[in-house]
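Asks: when you get a sec, could you give me coordinates for this:
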Amino acid sequence: MNAQEILEKVDHTQLKAFATWEDIVKLCDEAVQYHTASVCVPPAYIKRIHDTYGDKINICTVVGFPLGYSVTEAKACEVEQALADGCNEIDMVVNISDVKNGLFDKVEEEIRTLKKICGDHILKVIIETCYLTEEEKIVMCKAVTNAGADFIKTSTGFGTGGATKEDVELFKKYIGPNVKIKAAGGISDLKDLEMFVELGCDRIGTSRAVGLLKGELTEGY
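Replies: Model prediction:
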């Protein structure tokens, strides 16, 4: 797989609390130039990005991020506003406390509620694997599948750990056929990028892919 094929699977990400508009412009310009799958940005920047770049860029944002313990009603409002501002893809964080309390039906219903609001827009579900047991990860694979979400995602990148080969392999075993995988968190070198793509991830969440791969691209592409 060549560099461009990898970049087309990358959600080019800038989610730092102190991200400036200059940081966001740099991210978006790189996304346009190098044809990444999307930019993944804070909700507060969606409208300005959409007004500046229009259809040249695919905007992804985060909901209930990064801790996940917002109530469903608040997450629903976040999704509605993000879509109204011009976002196309939503990466939501599950209520990790509910998962740890064994309230799996409640978690599944929240995912289903947000997917209903998203409609044809893509919903990715962050289960934050670093905090979960293997049994909880398996239950979340089933919840994401049953709720009709488009992706299961490993991590926020703000937890105690990020994407691992073992978690992606577990996802592949337990998700339904209509659910794709996004690996994120701690993906810092070319070896990681190649590994997760080869494992079958349809999206990679990272801020580093363009810097790692742009030297391998043909001039102007």
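
Asks: surely A37 is in contact with E5?
Replies: No. Counting by C-beta atoms under 8 Å, E5 is not a contact partner of A37; they are 11.2 Å apart. To be clear about C-beta, it is placed using only N, CA and C from the backbone, and glycine gets the same treatment.

Asks: which non-adjacent residue is nearest the residue nearest the centre of the chain?
Replies: Residue closest to the average C-alpha location in the chain (C-alpha atoms, centre = their mean): D91, at 4.7 Å. Distances taken as C-beta to C-beta, 6 or more residues apart in numbering put K124 closest to D91, at 4.5 Å, once the chain neighbours are dropped.

Asks: V93 versus that neighbour, what's the distance?
Replies: Here the criterion is C-beta to C-beta, to the nearest Å. By it, K124 lies 10 Å from V93.

Asks: hang on, the earlier thing: just want to know which of A37 and E5 has more residues nearby.
Replies: Neighbour totals were compared for A37 and E5, and A37 leads with 20 against 9 (other C-beta atoms under 10 Å).

Asks: list phi and psi for the more buried one.
Replies: Main-chain torsions, A37, degrees, to the nearest 10: phi -60, psi -40.

Asks: so for it, what's the pLDDT?
Replies: A37 is assigned a predicted lDDT (pLDDT) of 98.

Asks: kindly report the same for G220.
Replies: 41.

Asks: over to I138?
Replies: 98.

Asks: next: E169.
Replies: At E169, the pLDDT value in this model is 98.

Asks: okay, now P66: neighbour count?
Replies: With other C-beta under 10 Å as criterion, P66 counts 15.

Asks: and for K173?
Replies: K173 has 9 neighbours, counted by other C-beta under 10 Å.

Asks: what about it, helix or strand, and which?
Replies: Here K173, judged by DSSP states H and E, is contained in helix 165-174.

Asks: can you pull the buried residues of that helix?
Replies: With burial defined by 16 or more other C-beta atoms under 10 Å, the residues of helix 165-174 counted as buried are D167, V168, L170, F171, Y174.

Asks: tabulate those (TSV), appending distance to F196.
Replies: Putting the buried residues of helix 165-174 into TSV (distance: C-beta to C-beta, whole Å) gives the following:
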residue	distance to F196
D167	10
V168	7
L170	14
F171	11
Y174	18
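
Asks: who's in contact with the residue nearest to the centre of the chain?
Replies: D11, C40, C60, T61, V62, V63, F65, K124, I126, K153, K182, G205 (C-beta atoms under 8 Å, 6 or more residues apart in numbering).

Asks: 6 Å instead, please
Replies: Counting by C-beta atoms under 6 Å, 6 or more residues apart in numbering, D91 touches V62, K124, I126.

Asks: bridged to the first one, which residues?
Replies: For V62, the beta-bridge partners under DSSP bridges are D91.

Asks: and if you look at the second one?
Replies: Assessed by DSSP bridges, K124 has beta-bridge partners D91, F151.

Asks: number of nearby residues for it?
Replies: Neighbours of K124 under the rule other C-beta under 10 Å: 27.

Asks: who's in contact with it?
Replies: K124 touches D91, F151, K153, K182, counting by C-beta under 6 Å, 6+ apart.

Asks: give the contact list for the second one.
Replies: Okay, so that is F151. Shown in contact with F151 (C-beta under 6 Å, 6+ apart): K124, K180, K182.

Asks: got it, and the last one?
Replies: For K182, the contacting residues are K124, F151, K153, R203, G205, taking C-beta under 6 Å, 6+ apart as the criterion.
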